[in-house]
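**Q** structure of the sequence below:
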Amino acid sequence: MPWQNVQQIHRDHVLNLPPSFHLLGSTTKTKNQGMVQFSDLDARIPGPGGSMPPIHVLTLQGHPEFNAGFVKQVIRAWCESGVMDKDTAEDGLNRADERNDGITIGRVIWEVLLQ
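**A** Numbering: from 1, shown residues only. Next comes the predicted model:
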C-alpha cells in the first residue's frame, strides 16, 4: 500500500496488536499505526483489487480530522504547559505542514461506516 501521511499527536499508543486484529500500517517510531478487525474473525486483508470484508473495528493512531493549524496549536500549548519538551515541539512544528492525506483517509472511514 502507498504511504499515507496524517496529522498525529498523542501521549500514548497501542503497543501490541490484539488477537484477531490486522496491522494496517507502521512507522519507525510507532509500530502500530492502525489496525482492523473484520466481522468474520477468519477474514484476511484482501490483495490488490480484492473486496474488503465487512469491518467490525477500525482504529488509527493518527488523526485524519486534524489539520496543520490545529496540530500547531496543540504542540504550542503542550510545550508551554510542560507536557512536551522543546525539541519534540520544534520537530512537530517543522513537520506539521507536510503533506496530509486526512481527507483521503476520512473517505475510507466513511466507506467503512456505510458498508
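
**Q** can you pull out the strands in the protein?
**A** Remark: strands assigned in the chain by DSSP state E are 22-25, 34-38, 55-60.

**Q** can you pull the contacts of the spatially most central residue of the chain?
**A** Nearest residue to the geometric centre of the chain (C-alpha atoms, centre = their mean): Gly62, 2.8 Å. Listed by C-beta atoms under 8 Å, 6 or more residues apart in numbering, the contact set of Gly62 reads 6-8, 33-34, 102, 105. C-betas here are computed from N, CA, C, even on glycine.

**Q** turn those into JSON lines, including pLDDT.
**A** JSON lines is the format used below for the contacts of Gly62 (pLDDT from 0 to 100):
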{"residue": "Val6", "pLDDT": "87"}
{"residue": "Gln7", "pLDDT": "89"}
{"residue": "Gln8", "pLDDT": "85"}
{"residue": "Gln33", "pLDDT": "89"}
{"residue": "Gly34", "pLDDT": "90"}
{"residue": "Gly102", "pLDDT": "93"}
{"residue": "Ile105", "pLDDT": "90"}
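
**Q** with neighbour count added, can I get those in CSV?
**A** CSV is the format used below for these (neighbours: other C-beta atoms under 10 Å):
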residue, neighbour count
Val6, 21
Gln7, 22
Gln8, 19
Gln33, 20
Gly34, 19
Gly102, 18
Ile105, 19
